[in-house]
Each structure stands twice: as C-alpha cells, then as structure tokens.
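*Asks:* missing the sequence, but the structure's below:
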C-alpha cells in the first residue's frame, strides 16, 4: 500500500523568515535583524504572576476558551483601548498565541475553493494557512499605494468566490498603519459584502507619533462579519508565553471554539495567569516600548535613506522595508551576500510574497548599539555593489 502525505501540506513552504534566521544562526557574531522578537523584557509583574500561579498549583486544564478573569480582562482592554465591545462570556477565546488564533479563524471560516483577498507584501502565514484550508489567496499589490490597500483595489478583487479579506495593520513586514479615514473607506466597501474580515491587530499597541490604533470591527455593519485577532507577544514582549485572543460575534465564536478545543484544548494555564497580569496591572506596559522603538525607528529610517536605500517611515510595529532594487535584482541574493560579507542578517522581501521582491525587511527590535553597527555595515556593503 502506498502512503501519501496530504498534498495541501506538501505544497506549502516553511516560513522564509525562519529560513533566513536559521541560516544566520550558522554564522558567528551576526547582528540579526530578522525575527519579530522584542528585545525589551516583560515587566517584572509578569514573572511574579507566573511564580504565583506555580506556587498555587494553577497548572491544570482551564475552560477551553480560557479562564474567565482573563477573558474579562482582555475584553476590558480592547474596549478601553480601541472601542471594541465583546462579551467575555462567549465572544472571546484565549488561544496559544495569535498564530493559533489565525489558524482557528481561517479553519472555521474557509472551504475548498474560497478566495481570500490578501494585501501584499504580507506575513507569509496567511498565505500558507489559507492554502492548507483548500482556499485560494488572492494577492493585492500595494507597492504603488504606500503599502496600503485602497477601496478601489479591494472592490476590484471581490468576486462571487470571495469569502474573506485579511486586514493586517500595523503591517508586518512594512510597518504601515491606516488612518481613521482609510479604515472608514474600507468599511464602506465591505459592510454590504457577503464576506468575512480577519483583522490581525497584533501590533495595535505599537503605533508611534501619538496616533491611536483604528479597528475596522467597530465600524457600522462590520462587527458581525469581523474576526479580531490580537495577543501579548508584541505589546508585552511575551512571545514565549504563547497567548493570543480571538474576538468575534457569538455565533462565529461558538463554531471557532470547536476548532480550538480539538486543536489545543486550552492555552497554557500558567501563561494565562501571566496574561491576566499583563492586561490588568500591565495594561500600559507598551508605553515604554513605544518610546524606545520610535527612537530606533527614526534612527534606522534616517540612516537607510541617507545611504541610498529608500524606505518609508513606518507608523507601527518594529519593521522597516527599504527598497534595494537599485543595488540588486534579487533580494535573497542581496541578503545572503550581506550576511556572508558583513555578518548582518535581514529578511528578503520575497519571503512576504512575490510583491516583496526588491525589498528587505529589517527588524529594529534590538539595541541601538547593534543597530548603529548594522547600519554602518550595510552602508559599507552597498558601497561595494
């Protein structure tokens, strides 16, 4: 008997981000600007909550959707911050990171042959999970529109097969954000369409220049068709705790809970108690991170543009996406040569779809000292090209 692997699995690829990070790990003394890993440690109260949970033996299964206190805290957090109203009883699920939240949402919503509109360049997991579901990602090229999907582009890509729209701002890999008017304009297109919006808001607390995050889920006609994904990996530097959240209308969440239950049963109990501290005691922990990242963003943006790598000023997250097309035809080759010759690791833009070719992603979630050295090395490198 011949055994076969699921063809949907064999057709997808490992993340290009991880591929290049793994390649960089083979070199010594590398300055890695690859992963979206905050370098600022979690606040002290997070660790204290973990110690208390262990001391009190809070190590058993929790409710599938997460402990009620955390769901209440998460609901209050997004209400206070973004004017999103969700019942902690049946409209919030605590997940094993935002990645699992995304997997649960797309697995629940998509069927074979469905189309999902994805503004690109984009985080690669969206494309691969969509394809795992047997659905079809429909990429929208945003390179000519400041990496922002426009209402005209959105309208032009909606077909009878369209089932979903991925809205991910602040953006990974570009750091782009949307203004209130821009979100309103997209909502005007979407509110009368029979499709779901998956709004990935994991970087919502990392927006700079005093600007407030805008969520499409609180626009008229959008709540019932929008699934909001968030978490604590970026806002509270809790990547290893693996805590994410899904917010949505109860009818949707009732179905998503089935998928979540059979996927992981529940998120780590100890991590949930740490998360409870994050969304209550630490509800403003991201303030210091924002201030520090904004300084780094400004420095990296200035240096890149001064050396001839044109880059737009990111409004959020901790990535910048400079254009390298004047120096190389292939982003992968550019990054590989930069790593080999200067021991600086960045991610080829092609890891973020074909529309990322000609760019590289730089994460500035590392120390200013390392960023200064990295910028010097990148400048030295491009002078040889």
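*Replies:* In hand now; what should we look at? The model shown is predicted, which means the values in this text are computed figures rather than measured ones. Numbering: from 1, shown residues only.
*Asks:* Tell me, what's the model's pLDDT at residue 1?
*Replies:* Per-residue pLDDT puts residue 1 at 55.
*Asks:* And the one 3 residues further on, by the same measure?
*Replies:* Turning to residue 4, the model gives it a pLDDT of 87.
*Asks:* tell me the contacts of it?
*Replies:* Contacts of residue 4 were listed using C-beta atoms under 8 Å, 6 or more residues apart in numbering, and none were found. Yep, even glycine has a C-beta here, placed from its N, CA and C like the rest.
*Asks:* any idea how far residue 132 is from it?
*Replies:* Look at residue 4 and residue 132: by C-beta to C-beta, to the nearest Å, they are 16 Å apart.
*Asks:* just residue 58 next, same as before
*Replies:* Here the criterion is C-beta to C-beta. By it, residue 58 lies 34 Å from residue 132.
*Asks:* So which residues of the stretch 51-200 of the chain form strands?
*Replies:* With DSSP state E, counting those that start in this stretch applied, the stretch 51-200 of the chain shows strands at 92-95, 115-120, 136-141, 162-168, 196-200, listed in chain order.
*Asks:* Dump those to a markdown table, plus distance to residue 65.
*Replies:* Rendered in a markdown table, the data for the strands of the stretch 51-200 of the chain read as follows (distance: least, C-beta to C-beta, whole Å):
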| stretch | distance to residue 65 |
| --- | --- |
| strand 92-95 | 5 |
| strand 115-120 | 25 |
| strand 136-141 | 29 |
| strand 162-168 | 22 |
| strand 196-200 | 19 |
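*Asks:* right, so of the ones you listed, which gets closest to residue 229?
*Replies:* Counting by C-beta to C-beta, residue 229 lies closest to strand 196-200 out of the strands of the stretch 51-200 of the chain; the figure is 4.8 Å.
*Asks:* Please work out which residues outside that closest one touch it.
*Replies:* For strand 196-200, the surrounding residues in contact (C-beta under 8 Å, 6+ apart) are 98, 102, 105-106, 109, 123, 126, 163-168, 190, 215-217, 222, 225-229.
*Asks:* Wait, residue 20 touches residue 348, no?
*Replies:* Yes - the pair residue 20 and residue 348 qualifies as a contact (C-beta atoms under 8 Å) at a distance of 6.7 Å.
*Asks:* shared neighbours, those two?
*Replies:* When contacts are counted by C-beta under 8 Å, 6+ apart, the set common to residue 20 and residue 348 consists of residue 335.
*Asks:* How many residues are close by residue 266?
*Replies:* 20 (other C-beta atoms under 10 Å).
*Asks:* Tell me which of the strands of the stretch 51-200 of the chain sits most buried.
*Replies:* When the strands of the stretch 51-200 of the chain are scored by mean count of other C-beta atoms under 10 Å, the highest mean neighbour count falls to strand 92-95 (a mean of 27).
*Asks:* Tell me if residue 362 really is in a strand.
*Replies:* Yes - if the criterion is DSSP: H, G, I helix; E, B strand; the rest coil, then residue 362 is within a strand.
*Asks:* Residue 109 against residue 163, yeah?
*Replies:* Yes - contact between residue 109 and residue 163 holds when scored by C-beta under 8 Å: they sit 6.7 Å apart.
*Asks:* quick one, domains of this protein?
*Replies:* Per the record, the chain has its domains at 7-42+286-382, 44-279, by automatic domain parsing.
*Asks:* Let me have those domains in TSV, extended by mean pLDDT.
*Replies:* Below are the domains of the chain laid out as TSV (pLDDT from 0 to 100):
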stretch	mean pLDDT
domain 7-42+286-382	94
domain 44-279	98
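*Asks:* one step back: now for the strands of the stretch 51-200 of the chain, which one comes closest to residue 181?
*Replies:* Set against residue 181 and scored by C-beta to C-beta, these come closest in strand 162-168, at 15.2 Å.
*Asks:* And the strands in the stretch 251-385 of the chain, which stretches?
*Replies:* Listed in chain order, the strands of the stretch 251-385 of the chain (DSSP E, counting those that start in this stretch) span residues 319-320, 344-345, 347-348, 360-363.
*Asks:* Hmm, residue 123 and residue 353 touching each other?
*Replies:* No - taking C-beta under 8 Å as the definition, residue 353 is not a contact partner of residue 123, at 9.4 Å.
*Asks:* how close does the nearest residue to residue 166 once chain neighbours are set aside sit to residue 41?
*Replies:* Ranked by C-beta to C-beta, 6 or more residues apart in numbering and with sequence neighbours excluded, the top spatial neighbour of residue 166 is residue 118, at 4.7 Å. Taking C-beta to C-beta as the criterion, residue 118 is separated from residue 41 by 33 Å.
*Asks:* One more: residue 211?
*Replies:* Here the distance between residue 211 and residue 41 works out to 26 Å (C-beta to C-beta).
*Asks:* Same question for residue 325.
*Replies:* When distances are taken as C-beta to C-beta, residue 325 and residue 41 turn out to be 37 Å apart.
*Asks:* With neighbour numbers in mind, choose between these two.
*Replies:* Applying other C-beta under 10 Å to residue 325 and residue 41 shows that residue 325 carries more neighbours, namely 16 against 10.
*Asks:* what's near enough to touch that one?
*Replies:* Applying C-beta under 8 Å, 6+ apart, one finds that residue 325 lies in contact with 358, 359.
*Asks:* and the lengthiest helix in the chain, which residues are buried?
*Replies:* Of all the segments of type helix in the chain, defined by DSSP state H, the longest one is helix 286-307. When burial is assessed from 16 or more other C-beta atoms under 10 Å, helix 286-307 yields the following buried residues: 286, 289-290, 292-294, 296-297, 300-301, 303-304, 307.
*Asks:* Quick one: the helices in this protein, in order.
*Replies:* With DSSP H, the ranges of helices along the chain come out as 7-11, 16-24, 44-55, 68-82, 97-109, 124-132, 151-157, 180-190, 250-264, 269-279, 286-307, 331-342, 368-382.
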